[in-house]
Structure formats: structure tokens, C-alpha cells
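Peer 1: What would the 3D arrangement of this be:
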Amino acid sequence: MHRSVFLSLFTLTLIGCDAHSQYLPESTALAPDKVRAIAATVEQRYSNLSADQRESVLRTVVRSLDDMVFIEGGEFDMGDFGWPCDRALTDLCEWPCGVPLDQLCVITENMEDSGVHPVRLSNFHLSRYQTRLGDFDLFQVIHGKPLSSAEYRDSEQMQEYFAPDKPAPTRYWQEAKDYCLWLGELSGAPVDLPSEAQWEFAARNRGKHVIYPTDTGTLDFGRNYPPREDDWQGITHPVGSFAPNPLGLYDMAGNAKDWVNDWYDPDYYPNSPLDNPKGPETGFYKIMRGFGLNEGEVIRANTVIRWPEAPDQTGYSEYASFRCSVQSEHPLK
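Peer 2: Next comes the predicted model:
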């Protein structure tokens, strides 16, 4: 064998050995071969980054997929399904609580969620947590983008706002979309923002008629929802601080709102397709779901309220976050 060919093969062997000997995080959802494939993609895509940065990217991608909850699809009536007019929203009963459907009152006065319509969804995955600020910061840094609210990051009085386990604040819908697509590019999984229908189906424990997206369907302040004494602070909590809903999803209300994929159209609900609706093709507003403020939570922290929002906000808000989904009918492996 020619000496130059031998040296080339020897060098490739060393590179291969080094790639296989690098740190690989353990995964609860992915097979070791899949983790190695993601590591190879990260190495190739970000060869200009330091080893520590590449390891951080790899950890973030693998943990993000491990955080995905597999949700079996089904059919449900999407929208404000109504509640007995003389019964408090916090007074649990089995819907429709013995009241004829045509005599139910709306859950909210928000007309954006009116127009109950049937929806049938395929299986999908949804992240049990909102995207962490630390992970979103990493994404911004390696792509040469400024950190959110960078002008306040050095203030000692503001440090609580920027803890890495808080929900990632956003200004633009597109940056939430780009983050989820980035996870998909590195993992090979179809990661994206969830559709609005998927978000509501999951918040309602696979489409059940529950008012609040908590473990009990009601608000237990300090256990499954932020305590009322925190109202005046206006600061979000670390993700997963309170009990999840029955599907294992945290903070579907009470921490930050979630961007979803859909455009908003006031006439879309009555004309929504039955199967896997994706929202209008275009629009002026994007939709956010959930509830990010404690004030007025009994009325607005419910499972059906919708928020049409400009995709370009005036500034970064800790109450505007997101969680990613995997658009696959089969469990990750």
C-alpha cells in the first residue's frame, strides 16, 4: 500500500475512534445509535465551536427529545364548550353537569374561542416543559444572535429574570419556530411548533371537557398553579415547578403563554377541517395559547382561551414563550 494512502486511512481511523470516544449523553427515549448519529451531526455542523459548546448542543437536543410526551390522537370538540351559568368555574362537576347543552354559558367572554367544532388528530408528541431560557440562549449564541433583553443581563437586580431554567422569553414568533426546526435539523426528527388544535387537545387531557389544564382540572394555588401571593412580583417560575396535567405536561397555564404554529383568522373555527387542522394559510396575527399572568386567572387560565398576537412584538416578554412538538405518529426511538 502506498505510504500516503496508509497515512490517510490511519488518520481517518483515529478520527473515527475519537468520534466514538466522545461524551454521549444517556437518553430515556432514543437508542444509543440515534444519540451517536445526533452527535455526528453536531460535530459536522459545528466544527467551528469548542468541544464544550458542541457538548452543550448535544445535551440540549437529546434532552429536548427525552422531554417529549407521546400523545395518542383522537376526536374532540375544540373551542369554548361552555359551563353551567350558575356554577363557578372552580366548582368541579362532570360536564355538562346535568345542564342541557343549549343552556350552557361561555367559559370566557373572549369571542376568539367561540365556535365549537369537531377535530380529529393523529398521534403526536408535545414537550412536557416550555423551552428553557438557557437552551434558547445557547441557540442564540451559536447562531451569532443577541440574547433576549441583553441590556439588562448584567444588572444584579434582574438576575432572577434570567435564570436558565425559566421559560425562554421571546419577541418574535419566528425565533420560536426556528428553535424547534433547529432541534429537528440536528436530531432528524420532525420537530416543530405544535398546531393550535394539538395544544388544546393536550391541555384538555386528550380533549376532555376540563376547564383548567392542571392535574385536577381546577386551580390549587401553590400546588398545581403559582401561589397568589406571587402575583405582585410578576416573575415566571422555573419550568416544572408545579404539578403537571394528567398527560405529564407542565405549565400549560400560569407561567408563560405558548406560541403555536397557526395564523389567526376570526372565521377559521367554523370552517376548520376535521382532520389535523393547521390553521389559515396566511394572516396578520399568530396564535398564543395558555395564560401567562396570575391576575384574573380564574377567568383566563382556562383550556380554551386564545390570544391573537402580532408575530413581531414590541419587545421581549417573559410571558411569551413556547414549547416544541414532534410531528410523528410513532413514539421516538
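Peer 1: which stretches of this structure form helices?
Peer 2: With helices called from DSSP state H, the chain shows them at 3-21, 32-45, 51-66, 133-142, 173-187, 196-203, 297-300.
Peer 1: Reformat those into CSV and put mean neighbour count and distance to N255 next to each item.
Peer 2: Glycine gets a C-beta too; all of them are placed from N, C-alpha and C. Listed next are the helices of the chain as CSV, based on neighbours: other Cβ atoms under 10 Å; distance: least, Cβ to Cβ, whole Å:
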stretch, mean neighbour count, distance to N255
helix 3-21, 10, 39
helix 32-45, 16, 28
helix 51-66, 19, 18
helix 133-142, 19, 12
helix 173-187, 20, 15
helix 196-203, 26, 13
helix 297-300, 16, 11
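Peer 1: Just tell me which of these ends up closest to P270.
Peer 2: Nearest to P270, of all those, is helix 196-203, at 14.4 Å by Cβ to Cβ.
Peer 1: CA atoms of the closest one as CSV?
Peer 2: The C-alpha coordinates for helix 196-203 follow below in CSV (Å, rounded to 0.1, in the frame of the first residue of the first chain):
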residue,chain,number,x,y,z
GLU,A,196,-53.3,25.1,18.0
ALA,A,197,-55.6,22.0,17.9
GLN,A,198,-52.8,19.8,19.3
TRP,A,199,-52.1,22.3,22.1
GLU,A,200,-55.7,22.4,23.2
PHE,A,201,-56.2,18.7,22.8
ALA,A,202,-53.2,18.1,25.1
ALA,A,203,-54.2,20.9,27.6
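Peer 1: list the helices and strands that helix packs on?
Peer 2: Packing partners of helix 196-203 (3 or more Cβ pairs under 8 Å, 6 or more residues apart in numbering; DSSP states H and E): strand 68-71, strand 74-78, strand 117-121, strand 124-127, strand 257-263, strand 286-289.
Peer 1: how about JSON lines for the helices of the chain, with mean pLDDT and distance to E112 added?
Peer 2: Shown next, in JSON lines, are those (pLDDT from 0 to 100; distance: least, Cβ to Cβ, whole Å):
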{"stretch": "helix 3-21", "mean pLDDT": "39", "distance to E112": "51"}
{"stretch": "helix 32-45", "mean pLDDT": "97", "distance to E112": "39"}
{"stretch": "helix 51-66", "mean pLDDT": "97", "distance to E112": "30"}
{"stretch": "helix 133-142", "mean pLDDT": "96", "distance to E112": "27"}
{"stretch": "helix 173-187", "mean pLDDT": "98", "distance to E112": "17"}
{"stretch": "helix 196-203", "mean pLDDT": "98", "distance to E112": "11"}
{"stretch": "helix 297-300", "mean pLDDT": "90", "distance to E112": "12"}
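Peer 1: hang on, the earlier thing: pipe the helices and strands packed on helix 196-203 into a markdown table and attach mean pLDDT, mean neighbour count and distance to P146 per row.
Peer 2: A markdown table is the format used below for those (pLDDT from 0 to 100; neighbours: other Cβ atoms under 10 Å; distance: least, Cβ to Cβ, whole Å):
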| stretch | mean pLDDT | mean neighbour count | distance to P146 |
| --- | --- | --- | --- |
| strand 68-71 | 98 | 20 | 29 |
| strand 74-78 | 97 | 16 | 38 |
| strand 117-121 | 97 | 19 | 37 |
| strand 124-127 | 98 | 25 | 25 |
| strand 257-263 | 97 | 25 | 19 |
| strand 286-289 | 97 | 26 | 22 |
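Peer 1: And those strands: which comes nearest V42?
Peer 2: V42 lies closest, by Cβ to Cβ, to one member of those: strand 68-71, at 18.7 Å.
Peer 1: who does the closest one touch, helix- and strand-wise?
Peer 2: Taking 3+ Cβ pairs under 8 Å, 6+ apart as the contact cut, strand 68-71 packs with strand 124-127, helix 196-203.
Peer 1: what's next to stretch 48-58, contact-wise?
Peer 2: Contact with stretch 48-58 is made by Y23, L24, P25, I38, A39, V42, E43, Y46, L138, I142, L186, as judged by Cβ atoms under 8 Å, 6 or more residues apart in numbering.
Peer 1: Tell me if I'm right that the last one and V42 touch.
Peer 2: Yes: checked against Cβ atoms under 8 Å, the pair L186 and V42 is within contact range at 6.1 Å.
Peer 1: Quickly list what's touching both of those two.
Peer 2: V57, V61.
Peer 1: I'd guessed I38 sits against V191; true?
Peer 2: No: with contact defined as Cβ under 8 Å, I38 and V191 do not form a contacting pair (11.9 Å).
Peer 1: average pLDDT for stretch 225-236?
Peer 2: In this model, stretch 225-236 has an average pLDDT of 73.
Peer 1: Compute the first-to-last residue distance for it.
Peer 2: Its start and end residues considered, stretch 225-236 measures 12 Å (Cα to Cα, to the nearest Å).
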